[in-house]
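Enquirer: Mind folding the following:
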Amino acid sequence: MLHKYFSFSEARRFYSIGLPIFIAQLSQTGMTFADTAIAGQYSAEHMAAVAVGSSVWVPVMLLGIGCLLALPPLSAQMVGSGRPEKAAHLLRQGLWLTLGLSVVLMSFFYVASWRMESFGLTPEMARISGGFLRAIMWGLPGFMLFVNLRSFLEGFARTRPAMIIGLVGLTINVPCNVIFVYGKFGMPELGGVGCGVATAISFWVMALCMLFYVWRDSCNTHLRPLFSPLWRKSASTGDGSDGVGNMPRFDGALVWRILRIGTPGALALFFEVSLFALSAILLAPLGTVMVAGHQIALNFGSLTFMVPLSLCMTVTIRVGRCLGAQQIERARLVARTGLILSVVFALMIAIFTVLFRHGIVRIYTDNPEVTALAVHLLLFQAAYQVVDGLQVTGIGVLRGYNDTRIISAICFIAYWVIGLPLGFVLARTNVLTPLMGAQGFWIAYIVALGFGALCYLLRVRFLHGLAPEAVLLRVRR
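Expert: This is a model prediction of the structure:
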């Protein structure tokens with residue numbers, strides 16, 4: 001009976017594919033960890049300002065990155081169906097999309113960086129948060145380029161390059177933080193603004209390293225046409241095609257398909273992350289201690305979130321690969337295996353958090369008031385691990401099926417209709433209970449994530465009940 005729901009061979013594939021993804025994601029989140037920890041050691045005010053700046057940066061940045069989330073499953077489906085040259089063409093369209101999204105989002109960040117006082121911040125906190133945004137926004141094109149190239153390689157189940165390059169980025173980020181935050185080696189002492197400078201530099205280093213790796217990768221000879229100038233007509237066809245399957249350099253229909261499949265997932269990411277981000281902003285009027293303690297719990301939560309997120313990305317790759325090869329039953333087994341693994345890992349993370357929460361908080365700060373609040377909030381962070389793991393892994397399954405439209409609807413209801421209003425009422429008002437502060441938002445997180453997990457599991461069950469022909473028809477849309 002167990003073999004219908006869990007496959008040890010798939011679990012081993014999850015390990016070989018997912019471990020590098022986990023390390024790569026952990027290294028990227030490690031940059032946020034470094035920003036928060038180093039800014040916290042500099043001063044609680046600068047840590048709170050970076051937290052508010054990150055609360056604007058992260059959801060909007062992920063909205064752009066989310067538009068590219070169609071690339072891994074589409075690439076995996078093309079590779080699974082024996083059409084790797086179309087995966088290379090897909091990458092090129094992702095690069096065009098990256099260019100347009102970078103211009104739009106950087107313009108937004110620049111305008112927002114001069115309006116930070118509208119969030120109720122003190123003039124000094126607004127100055128630091130705005131400077132942080134203006135610094136980190138220059139790293140956005142580099143990070144999106146890195147995501148494009150990484151997504152292409154993930155279609156081939158090649159996840160180690162992103163792991164290695166992610167570690168390179170983290171290795172550069174930490175010393176750059178120290179240099180620019182504290183003003184070492186003749187650099188100006190920028191405080192929290194220096195965290196944005198360090199992260200932007202790291203993003204571009206990662207992008208250039210990944211570009212160099214793909215260029216040197218002789219195993220994928222079909223990549224070579226990608227690096228001919230995008231504006232030059234192909235010598236082989238003379239019509240602007242790239243010479244690979246007579247495909248155009250700019251394919252508007254494919255770009256639209258990427259957006260059509262990726263945008264619901266992007267909105268889902270935005271709705272989810274904005275719930276966490278807006279909570280930090282809404283807590284700002286309650287003081288620096290409240291924001292700092294809340295940010296520590298959120299920041300550690302973002303580290304532990306890398307485990308279910310890695311499972312999500314792995315299950316998307318494996319489900320997409322199986323569906324590309326028309327292995328419907330195998331895709332269902334992959335999905336069930338991923339969901340079971342998400343529960344196992346969630347319980348392990350919850351136990352670890354409860355046992356070591358005091359030591360975890362000491363990494364961030366020695367302020368006794370901030371420490372007491374953060375230690376308490378980590379108990380709530382441990383409590384939502386199982387529902388968080390199930391909901392994000394369920395999203396990964398749906399992405400593998402290209403069934404993304406329902407994701408944004410569920411996320412909107414879970415996070416903005418249920419989570420955000422409930423959190424505000426509990427944290428900032430006395431309507432339901434005496435004012436709870438940050439604890440109120442963490443209770444709302446658990447309720448919202450639980451609702452999302454239930455909806456995603458029901459949708460996966462619906463897909464698994466469809467006939468194979470219906471499943472393949474949905475994937476090809």
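
Enquirer: switch to C-alpha atoms for all contacts and neighbour counts from now on
Expert: OK.

Enquirer: shaky segments in the stretch 301-450 of the chain?
Expert: Counting by pLDDT under 70, not a single residue of the stretch 301-450 of the chain qualifies.

Enquirer: The residue nearest to Leu121 when sequence neighbours are not counted: what's it in contact with?
Expert: Nearest residue to Leu121, sequence neighbours excluded (CA to CA, 6 or more residues apart in numbering): Ala284, at 6.9 Å. Counting by CA atoms under 8 Å, 6 or more residues apart in numbering, Ala284 touches Phe119, Gly120, Leu121, Met290, Val291.

Enquirer: For the residues you listed, pick the one with the most neighbours.
Expert: When neighbours are counted by other CA atoms under 10 Å, Val291 leads these with 29 neighbours.

Enquirer: Need the pLDDT of that one.
Expert: As predicted, Val291 sits at a pLDDT of 78.

Enquirer: same thing with Ala470?
Expert: 68.

Enquirer: ok, now Cys209?
Expert: Reading off the model, Cys209 has pLDDT 91.

Enquirer: In this protein, spot the helix with the most residues.
Expert: helix 8-42 (DSSP state H).

Enquirer: which helices and strands sit right next to it?
Expert: helix 44-66, helix 160-182, helix 193-216, helix 288-304, helix 306-324, helix 328-355, helix 357-364 (3 or more CA pairs under 8 Å, 6 or more residues apart in numbering; DSSP states H and E).

Enquirer: hmm, back to that, export the contacts of Ala284 as a markdown table, with columns for distance to Asn402.
Expert: Formatted as a markdown table, the contacts of Ala284 follow (distance: CA to CA, whole Å):
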| residue | distance to Asn402 |
| --- | --- |
| Phe119 | 37 |
| Gly120 | 41 |
| Leu121 | 41 |
| Met290 | 41 |
| Val291 | 38 |
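
Enquirer: quick one: which of those residues is nearest Leu145?
Expert: Phe119 (31.0 Å; CA to CA).

Enquirer: neighbours around the residue lying closest to that closest one once chain neighbours are set aside, how many?
Expert: Of all residues not flanking Phe119 in the chain, Ile281 sits nearest, at 6.5 Å (CA to CA, 6+ apart). By other CA under 10 Å, the residues close to Ile281 number 21.

Enquirer: ok, Ile281 to Ser274 distance?
Expert: 10 Å (CA to CA, to the nearest Å).

Enquirer: overlap in contacts of the two?
Expert: Common neighbours of Ile281 and Ser274 (CA under 8 Å, 6+ apart) are Ser55.

Enquirer: about what we covered before: may I ask which two of the contacts of Ala284 are separated the most?
Expert: Of all pairs in the contacts of Ala284, the most separated under CA to CA is Phe119 and Met290 at 15.4 Å.

Enquirer: how would you label Phe185: helix, strand or coil?
Expert: coil (DSSP: H, G, I helix; E, B strand; the rest coil).

Enquirer: Contacts only, for it.
Expert: Ile179.

Enquirer: For it, give me the backbone phi and psi.
Expert: The phi/psi pair for Phe185 (degrees, to the nearest 10) reads phi 50, psi 40.
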